[in-house]
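Asker: okay, predicted coordinates and the sequence, questions at the end:
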Amino acid sequence: MPLFEAKGWNLSSKIKVGGLPEKKNKNKKKKEKRQSESVQSEPSPEQQPKKTTDKKRKHEEESDTKPSKKTKSESESAPAPAPLINAKKLTPLQQKMMAKLSGSRFRWINEQLYTINSEDALKLIKETPSLFDEYHQGFAQQVSSWPENPVDVFVNQIKTRAKARPVNAPGGLPGLKTKQVVVADMGCGEAQLSLDVSKFLETYNKRAKKHKQLDIKVHSFDLKKQNDRITVADIKNVPIPDESCSVVIFCLSLMGTNFLDFIKEAWRILIPRGELWIAEIKSRFSESATQKDSEKVGEEFVDSLKSFGFFHKSTDNSNKMFTRFEFFKPPADILKERQAKIARKKKKFIEDDDDRTDLEKLEGKRSEKAEGEWLLKPCIYKRR
């Protein structure tokens, strides 16, 4: 008999009026039995089934909703598994978050390298070598968006001058007396310049006649031996003799608070008439300088290098991201003549009670405040 019956409506005994749907049970017969009992009128206490008869059913119902003791203890004691990061399976949002974390890490390492001296930088990398890899990975991402890489510019300069004129000829590359060109790449990173130059030499010398073949050797120095081309060194003190190089290159590597010590080292290892090539990020110099007044970019920087004895050849401000400078080391007689000329000019036209040389003045200023705080601004990347 149905509980309620009206025209067009028929609520069967399988549905409990005002109740909730029953939970499914694995045992179909017991399920049907409970459903039939649920639609009957409220049983009297005498009619209620004994607990002993429902013990098995109660146990089955509880087993559906409550975890076993074993499951509970295991869940409390077992640690959560460590997530495995697979870049290929990350969502676009997760990839963006990972990129931000990587970018933050790169900015931190970059800031450390610009705001500590070279000795501390070498110590930092020796203690945590992975920082070197993280830095160069982040830096490679930065440079990939630039119009051109300064390393490529220097490699092309070597190629062009090597092809255009013989070594030591006007317009050609400077070399030793043996006509070997010896390059010191100071702060070389992964020594890409050395690799590219060696590939160029291999191709060039295969085609060139024996008496026109080139002999170019590249020393690569940095804080970690990333590959066999690199020698680990603090670039204020590299392990090569005095006047043993004909070109010294600083490609975005005047980092640290004591970078003028690197310039001193360049003077030491360069032969007379050897050349110094520098590329530095434009934002480290005066922001007011434009392409029209490119010679004014880094005027104080140029004057500081002149104090060590270098002659300024040129400033190239044509690139959007970095500025290039070229200097050369004059022979001793020309340097002495120049210093005498400057002294006469000062005595005649400038009233100055300070008899110190420009280099002595520079060193005095450095003793008060490191050049990394006033001569070149640290390259600190902003958060995005």
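Answerer: Yep, that arrived.
Asker: what's in contact with stretch 148-156?
Answerer: Stretch 148-156 is contacted by residues 143, 189, 192-193, 196-197, 200, 249, 251-252, 277, 279, 319, 322, 324 when judged by Cβ atoms under 8 Å, 6 or more residues apart in numbering. Heads up, the C-betas are built off the backbone N, CA and C, glycines and all.
Asker: and it, average pLDDT?
Answerer: For stretch 148-156, the mean pLDDT works out to 97.
Asker: then that stretch to CSV, C-alphas only?
Answerer: Listed next in CSV are the C-alpha coordinates belonging to stretch 148-156 (Å, rounded to 0.1, in the frame of the first residue of the first chain):
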residue,chain,number,x,y,z
GLU,A,148,73.1,42.7,-29.5
ASN,A,149,75.4,41.0,-27.0
PRO,A,150,78.6,42.8,-26.1
VAL,A,151,80.6,39.6,-26.3
ASP,A,152,79.6,39.2,-30.0
VAL,A,153,80.7,42.8,-30.6
PHE,A,154,84.1,42.1,-29.2
VAL,A,155,84.4,38.8,-31.1
ASN,A,156,83.5,40.6,-34.3
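Asker: in that stretch, what's buried?
Answerer: Using 16 or more other Cβ atoms under 10 Å as the test for burial, stretch 148-156 gives Asn149, Pro150, Val151, Val153, Phe154, Val155.
Asker: show me the strands in this structure, by range?
Answerer: 4-6, 9-11, 181-186, 216-222, 230-232, 245-251, 270-281, 311-316, 322-328 (DSSP state E).
Asker: redo the ones you listed as CSV? Include mean pLDDT and distance to Lys369.
Answerer: Compiled in CSV, the strands of the chain are given as follows (pLDDT from 0 to 100; distance: least, Cβ to Cβ, whole Å):
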stretch, mean pLDDT, distance to Lys369
strand 4-6, 47, 95
strand 9-11, 48, 92
strand 181-186, 98, 24
strand 216-222, 98, 27
strand 230-232, 98, 30
strand 245-251, 98, 22
strand 270-281, 97, 20
strand 311-316, 95, 24
strand 322-328, 96, 23
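Asker: out of those strands, nearest to Asp355?
Answerer: strand 311-316 (23.7 Å; Cβ to Cβ).
Asker: what's in contact with that closest one?
Answerer: Residues contacting strand 311-316 (Cβ under 8 Å, 6+ apart): 275, 294-295, 297-298, 302, 305-306, 323-330, 338.
Asker: low-confidence ranges in this protein?
Answerer: 1-90, 92-103, 286-296, 346-353, 381-384 (pLDDT under 70).
Asker: tell me the domain ranges of it?
Answerer: Per automatic domain parsing, the structural domains of the chain span 92-139, 150-373.
Asker: of all those domains, which lies closest to Cys379?
Answerer: So among those, domain 150-373 is nearest, using Cβ to Cβ, at 5.1 Å.
Asker: ends of that closest one, what's the gap?
Answerer: Distance between the two ends of domain 150-373: 24 Å, counting by Cα to Cα, to the nearest Å.
Asker: got TSV for the strands of the chain, with distance to Thr257 and mean neighbour count too?
Answerer: Putting the strands of the chain into TSV (distance: least, Cβ to Cβ, whole Å; neighbours: other Cβ atoms under 10 Å) gives the following:
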stretch	distance to Thr257	mean neighbour count
strand 4-6	91	9
strand 9-11	87	11
strand 181-186	16	25
strand 216-222	18	22
strand 230-232	21	16
strand 245-251	16	26
strand 270-281	15	22
strand 311-316	24	15
strand 322-328	20	21
